[in-house]
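[1] need a 3D model of the sequence below.
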Amino acid sequence: MTPQSKKVLEEIQVRKSSKEKRAFRAWLAKELEAAGWTVREEGSFFAGHNVIAGDPERAKVLYTAHYDTQAVLPFPNFITPRNAGIYVAFQALICVVFFAMIAVAEGITLSVVRAMGGRDLLPLIMSLVSVVLCGFFVWWMFFGKANKHTANDNTSGVITLLETALTLLPEDRDKVCLVFFDNEERGMLGSANFASKRKRVKQETLVLNFDCVSNGESIQFFPTKILRKDEKTLQTIEKAFIPLGGKEVEVYRGGGIYPSDNVSFKRACGVCALKKKKFYYMDRIHTSKDTVFMEENIELLRCGCLDLAKELEA
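    You can find the predicted model right below:
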């Protein structure tokens, strides 16, 4: 792993506040420019600021990853891209717990207000309690205390792009554009803004989005509906990304959905690392337990990105 990637892993895992993001973007641009890339920053206050290395209009493939990090939460974001039922059930469970907490708070408030003889104000007070609690939970998820441990989500994706950028052969650089997206954790705002300005790229260019790729033995590619119809491209991806060190690599054609920046593009793959017991899953992210970084996963993906660039026509 390059010294730049080691620095990100060891020193720059937190990229959440405006100040932290700005410092990271400045450092990243400096390192990429020193390696010979043309780098620019693009964005807005609302969408965030993306870092673009290369020319997206000329590139045959975009390698992307979000660099922003999330608030630390008491529960993981449990993702099962190949099993929508389990994913929906887990999200429903979180909602049940959330509303149960509100119900408890309302019950306590009800008892206090009645004891104080404030029955006339009861409807207003109960409404305020609900609104305040809902607002607090939303604030916590989007603007709460930064998670200090982001090895998988998404320091792993950032390092995958950085390793690729620093080792890609000069003759293949015109085929590749690397984009580090902002504000994925706030609703994929950075990638949506990027795609909205580039209709052809959004509709036609191959995009591989690396998000949470360092904690799991199975590297999986989840193509969009349109890309699943392009068997030639899927086979080209499979040829480039070869299993190493006992890892499994699969371009999944079963219609699974990976919820990340890849959804902003028509011909894209969401790339992630999954664990498997009875089903494939991802855990630990968005919590202080997001500390697992399998360097062999990054090496596999780096080699694949370089080989795919070679395979694509100039």
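
[2] which stretches of the stretch 201-314 of the chain have low pLDDT?
    For the stretch 201-314 of the chain, the stretches with pLDDT under 70 are 314.

[3] which stretches in it count as helices?
    For the stretch 201-314 of the chain, applying DSSP state H, counting those that start in this stretch gives helices covering 225-228, 231-240, 295-311.

[4] centre of the chain versus the longest one, how much separation?
    Which is helix 295-311. Centre-to-centre, helix 295-311 and its host chain are 19 Å apart (Cα atoms, centre = their mean, to the nearest Å).

[5] what's next to that helix, contact-wise?
    1, 5, 60-61, 63, 156, 159-160, 163-164, 167-169, 172, 175-176, 208, 210, 213-214, 216, 219, 236-237, 239-245, 247, 249, 271, 273 (Cβ atoms under 8 Å, 6 or more residues apart in numbering). The way it works is simple: take the backbone N, C-alpha and C, and place the C-beta from them, glycine included.

[6] export that helix as CSV, just CAs?
    Written as CSV, here are the backbone C-alpha positions of helix 295-311 (Å, rounded to 0.1, in the frame of the first residue of the first chain):
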residue,chain,number,x,y,z
GLU,A,295,-5.7,-4.8,2.6
GLU,A,296,-5.9,-7.8,0.3
ASN,A,297,-9.3,-6.6,-0.8
ILE,A,298,-7.9,-3.3,-1.9
GLU,A,299,-5.1,-5.0,-3.8
LEU,A,300,-7.5,-7.2,-5.7
LEU,A,301,-9.6,-4.2,-6.6
ARG,A,302,-6.6,-2.1,-7.6
CYS,A,303,-5.3,-4.8,-9.9
GLY,A,304,-8.8,-5.1,-11.4
CYS,A,305,-9.1,-1.4,-12.0
LEU,A,306,-5.7,-1.4,-13.8
ASP,A,307,-6.6,-4.4,-15.9
LEU,A,308,-10.0,-3.1,-16.8
ALA,A,309,-8.5,0.1,-18.0
LYS,A,310,-6.2,-1.9,-20.3
GLU,A,311,-9.1,-3.9,-21.7
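
[7] buried ones in that helix?
    297-309 (16 or more other Cβ atoms under 10 Å).

[8] could you single out the nearest of these to Lys19?
    Ile298 (27.3 Å; Cβ to Cβ).

[9] just want the most central residue of this protein.
    Asp211 (4.2 Å; Cα atoms, centre = their mean).

[10] isn't that one up against His66?
    Yes. Using Cβ atoms under 8 Å, Asp211 is in contact with His66, at 6.5 Å.

[11] overlap in contacts of those two?
    Contacts common to Asp211 and His66, judged by Cβ under 8 Å, 6+ apart, are Asn154, Gly157, Glu184, Ser260, Asp261.

[12] isn't the third one up against Asp68?
    Yes. With contact taken as Cβ under 8 Å, Glu184 and Asp68 are classed as touching, separated by 6.0 Å.

[13] more neighbours: the two, which one.
    Glu184 (28 against 23; other Cβ atoms under 10 Å).

[14] where's that one relative to Thr64, distance?
    To Thr64, Glu184 is 10 Å away according to Cβ to Cβ, to the nearest Å.

[15] now do the shared contacts for the two.
    By Cβ under 8 Å, 6+ apart, the residues touching both Glu184 and Thr64 are Ser191, Asp261.

[16] which other residues reach stretch 20-35?
    Looking at what lies outside stretch 20-35 - Cβ under 8 Å, 6+ apart - the contacts are 4, 12, 14-15, 39, 41, 48-49, 51, 53, 67-68, 146, 162, 165-166, 178, 180, 182.

[17] lovely, talk soon.
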